[in-house]
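[1] Sequence and predicted structure below; questions after.
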Amino acid sequence: MNPFTKVAFAATALSVAVCRAQTAQVASPTKAAFSLTLSAAQSTVKTGQPQQLEVTLTNKTDHVIGINEDRAYTGDFYYPLTVRDEQSKDIPLTRRGRAIRGRPTLDDPPVAVNVDSFLVQLDPGHGLIDTINVTPLYDLTRPGRYSIQASRYDDVSKERVLSNVIDVTITP
């Protein structure tokens, strides 16, 4: 390799390294526009009884944000849940849960899922509360203790925002 080629190669490598370093300094991680807080109306319910959860979405920015809401399913469409048993195994979705999540099995009869979406303008620091009935979405027919966490996609940070994890107990 001649000396001119070596210098040109070194200059190119150096300029690439400088550009990457400048880009890394300029790019800062975007924070989520909102936070999620999950709570249960009752921490213990009997098998087959509705397990109602409340998800509070709070605007963490200094400006108004737009949040899509769904009246038809009152939260269960926009807030996917992770439900696990005492052994940390994922609890299977019911037929309705699979339909809402877009994961029907071949054996599932068709289930109509109608999303009636509208935009809510949420002021800084303010929150909105959605209610989710977990019982029709997840197979909670076995008594035991379950951990539940909600999530929602944030268009600002392009990440899924997670709520706190709560424990609920299903009794016979």
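    Good, I have the coordinates. Numbers count the residues shown, from 1 in each chain.
[2] from here on, contacts and neighbour counts on C-alpha atoms
    OK.
[3] give me the element Ala99 is part of.
    helix 95-100 (DSSP states H and E).
[4] tell me the average confidence for that helix?
    Averaged over helix 95-100, pLDDT sits at 81.
[5] cool, stretch 49-56 as well?
    pLDDT averaged over stretch 49-56 gives 93.
[6] likewise stretch 130-138?
    90.
[7] What residues does the residue positioned nearest the centre of the chain make contact with?
    With distances taken as C-alpha atoms, centre = their mean, Ser151 lies nearest the centre of the chain, 2.1 Å away. By C-alpha atoms under 8 Å, 6 or more residues apart in numbering, the contact set of Ser151 is 36, 79-81, 160-163.
[8] Distance check, the nearest residue to Arg101 once chain neighbours are set aside against Ala99.
    Leaving aside its sequence neighbours, Arg101 sits nearest to Phe77 (C-alpha to C-alpha, 6 or more residues apart in numbering; 7.5 Å). As judged by C-alpha to C-alpha, to the nearest Å, Phe77 and Ala99 stand 10 Å apart.
[9] list the contacts for Leu137?
    So Leu137 contacts 93-98 (C-alpha under 8 Å, 6+ apart).
[10] Likewise for Gln149?
    Counted by C-alpha under 8 Å, 6+ apart, Gln149 has contacts 38, 81-83, 162-166.
[11] Phe34 now?
    57-61, 154, 161.
[12] contact partners of stretch 154-164?
    29-38, 149-153.
[13] out of these, which are buried?
    Buried members of the contacts of stretch 154-164, counted by 16 or more other C-alpha atoms under 10 Å: 32-38, 149-152.
[14] quick revisit: out of the contacts of Ser151, which comes closest to Tyr138?
    Leu81 (9.3 Å; C-alpha to C-alpha).
[15] Kindly state the pLDDT recorded for the nearest residue to the closest one once chain neighbours are set aside?
    Nearest residue to Leu81, sequence neighbours excluded (C-alpha to C-alpha, 6+ apart): Ala150, at 4.5 Å. With respect to pLDDT, Ala150 scores 96.
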